[in-house]
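Novice: Fold the following and give me the result.
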Amino acid sequence: MARSPRASRRSFAILRLLGVAVVLAIAIGYVQPVRAYFSAKSDVAVHRAEKAALVRKQQTLKQRLALAGTAEFVEREARRIGLVKPGERLFIVGGVEGWKRSHVR
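Specialist: Numbers count the residues shown, from 1 in each chain. You can find the predicted model right below:
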């Protein structure tokens, strides 16, 4: 039994439509995983930058910690908060900031 050309064209159109529907369904299925991938990729870049900043901060803190045990550091910090050695006199000079501003070139 031979098929008519019209029935053959109709079945080909149905197959084509079915093929397009399958490809479209697959494409829709890939949208969310692709979005999640790019979102995760950008999150990784942000976290790497945060990690680099934290590593730099850690190195700075380690250096400060190493200095904290030295006598020079202890003396500098004591003087910064206004302490003096026994027998020394503390002089408080006012107007230094204004003088610095007027003499800065």
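Novice: alpha carbons only for contacts and neighbour counts from here, please
Specialist: Fine.
Novice: okay, now Leu83: neighbour count?
Specialist: By other CA atoms under 10 Å, the residues close to Leu83 number 13.
Novice: Kindly report the same for Val34.
Specialist: Residues near Val34, counting by other CA under 10 Å, number 11.
Novice: from the chain's centre, how far out does the helix or strand hosting it sit?
Specialist: In this assignment (DSSP states H and E), Val34 forms part of helix 5-68. Offset of helix 5-68 from its chain centre (CA atoms, centre = their mean, to the nearest Å): 18 Å.
Novice: can you check stretch 72-85 too?
Specialist: That offset, for stretch 72-85, works out to 38 Å (CA atoms, centre = their mean).
Novice: Need the residues that contact that stretch.
Specialist: Residues outside stretch 72-85 that contact it (CA atoms under 8 Å, 6 or more residues apart in numbering) are 67-68, 90.
Novice: most centrally placed residue in this structure?
Specialist: Most central in the chain under CA atoms, centre = their mean is Val46, positioned 3.3 Å from the mean C-alpha point.
Novice: Can you give me the distance of that residue to Glu97?
Specialist: Val46 sits at a distance of 41 Å from Glu97 (criterion: CA to CA, to the nearest Å).
Novice: what's the answer for Tyr30, then?
Specialist: With CA to CA as the criterion, Tyr30 and Glu97 are 65 Å apart.
Novice: do His103 as well
Specialist: Separation of His103 from Glu97 (CA to CA) stands at 10 Å.
Novice: Give me the three-state assignment for Gly82.
Specialist: Three-state assignment for Gly82 (DSSP: H, G, I helix; E, B strand; the rest coil): coil.
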